[in-house]
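# Make a model of this:
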Amino acid sequence: MNGPEGAAGEPAGPDTASGSVPADDSTTADRPWFERLPPLVVEVVCEGRDHRVEWRDGTLSALDHDPEVEAAFLVLGGDEPPCLEILDRWEAAGDEPSSVELWRLQGWPPSGPRLTPHWGETAETDGLPEPLRVLAALSGIARIERRWHDEDLPPETVAKLRRFLLERFWAALDASLEPSRGRRGRLRSKPVVRILDEDQPADLGIEVAPGRLDLDVGLPLRWLLQVWGRGAAVADGSLVLDCGDVGDGALGAWLLRWSLGGRSGRMLVPELTAARLEADDDRVWHVVDGDVDPPTPRPWWSVKARTRPG
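Now for the predicted structure:
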């Protein structure tokens, strides 16, 4: 598949690194899948009133209904209110994202979906408000992650999600390279990508030379949820490798930043750095100056960089 700036990938790996940041032994793989997705509230017109449907911690709830009262009302022959119809449609959406649902996710920017904590009334698409359709697709990806090596997982599902992951990562990487494009000229790139098991730490091998950037990436599916699913894959021109909540709606993150160096001043120089991210009103994440508030996410990436002559 094509990598950043349109270069084709070829099987190759980086040489021994001149410097590296070792991965921490702990990973995010043992976290519940729903911790990787933000909570979401959607307004619904229900029986002439504005009601709220909330997704949080893996569960969709109708905040303005009493389930026991509604169940008794249905037994007596009453109509199901729109809020509960949405809950039924959510359950019927299935465990795996369809091609249509993944297509909807492709419409987001390289940073990922911008799921604001509270949505106003939205039009329904295929029986669900569009924000919940997006979240259903992400939830399906999380469930597939847990079944990645199951023998009964259809090969077409594996191929579809593999391609989706790679396309999203390359789009984010390409966006992180954009700020330096005018000062360094066009890059030739030879990317290699490996999909990792859930319990393996991600790794990123980088080899740079004037006008060239070669990458060897071991990427887990959880990057789609932990980072891209939050809409945080790119922040102020930096590629976000990992992130986690640090309170007050902020994220602690590990960023891959690019500067220019070398004798010509036009060669890319990668740097791994910790940062605090905060979202603006449009749910776009930005790097905030100052120390990162604990607990910061520990790097489950191993990043190696090597410079070679052009």
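
# right, and residue 217 touches residue 194 too?
Yes - at 7.0 Å, residue 217 counts as touching residue 194 under the criterion of C-beta atoms under 8 Å. C-beta coordinates here come from the backbone N, C-alpha and C atoms, glycine included.

# Looking at these two, which is more packed in?
Set side by side, residue 217 and residue 194 show more neighbours around residue 217, with 23 against 13, by other C-beta atoms under 10 Å.

# wait, is the more buried one part of a helix?
No - counting by DSSP: H, G, I helix; E, B strand; the rest coil, residue 217 falls outside a helix, being strand.

# so what's it up against?
169, 191-194, 202-205 (C-beta atoms under 8 Å, 6 or more residues apart in numbering).

# Distance of it relative to residue 191?
7 Å (C-beta to C-beta, to the nearest Å).

# and if you look at residue 243?
22 Å.

# who has more neighbours, those two?
For residue 243 versus residue 191, neighbours defined as other C-beta under 10 Å are more numerous around residue 243 (25 against 22).

# count of residues packed around the residue lying closest to that one once chain neighbours are set aside?
Nearest residue to residue 243 in three dimensions, chain neighbours excluded: residue 253, at 4.0 Å (C-beta to C-beta, 6 or more residues apart in numbering). Look at residue 253: counted by other C-beta under 10 Å, it has 26 neighbours.

# number of nearby residues for residue 224?
24.

# For the helix or strand hosting it, name the packing helices and strands.
Using DSSP states H and E, residue 224 sits within helix 222-226. Applying 3 or more C-beta pairs under 8 Å, 6 or more residues apart in numbering; DSSP states H and E, one finds that helix 222-226 contacts helix 130-146, helix 155-177, strand 238-247.

# Can you redo these as a markdown table, where the extra columns are distance to residue 49?
Listed next are the helices and strands packed on helix 222-226 as a markdown table, based on distance: least, C-beta to C-beta, whole Å:
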| stretch | distance to residue 49 |
| --- | --- |
| helix 130-146 | 19 |
| helix 155-177 | 38 |
| strand 238-247 | 33 |
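
# Next, the contact list for the residue sitting nearest the centre point of the chain, please.
Centre of the chain computed as the mean C-alpha position; nearest residue by C-alpha atoms, centre = their mean is residue 228, 1.5 Å away. Residue 228 makes contact with 111-113, 168-169, 172, according to C-beta under 8 Å, 6+ apart.

# Tell me the secondary structure at residue 65.
With three-state DSSP as the criterion, residue 65 reads coil.

# What is the neighbour count of it?
Residue 65: 19 neighbours (other C-beta under 10 Å).

# quick one: which of the helices and strands packed on helix 222-226 is nearest residue 269?
helix 155-177 (12.4 Å; C-beta to C-beta).

# next helix or strand past the closest one?
Downstream of helix 155-177, the first helix or strand assigned by DSSP H and E is helix 181-184.

# sorry, back to before: the residue nearest to residue 243 - that's part of a helix, no?
No - when three-state DSSP is applied, residue 253 is found to be strand, with no helix at that position.

# Quickly list what it is bridged to.
Residue 253 forms beta bridges with residue 243, residue 275, as assigned by DSSP bridges.

# same deal with the one 5 residues further on?
According to DSSP bridges, the residues that bridge with residue 258 are residue 270.

# Hmm, residue 175 and it touching each other?
No - applying C-beta under 8 Å as the test, residue 258 and residue 175 come out as separate, 11.2 Å apart.

# Go through the helices and strands packed on helix 222-226 and find the least confident stretch.
Mean pLDDT across the helices and strands packed on helix 222-226 is lowest at helix 130-146; the value there is a mean of 79.

# Which strands or helices does that helix pack on?
In terms of contacts (3+ C-beta pairs under 8 Å, 6+ apart), helix 130-146 is packed against strand 40-46, strand 49-56, helix 82-92, helix 99-106, helix 155-177, helix 222-226.

# Most tightly packed of those?
For those, the largest average neighbour count (mean count of other C-beta atoms under 10 Å) is found in helix 222-226, namely a mean of 25.
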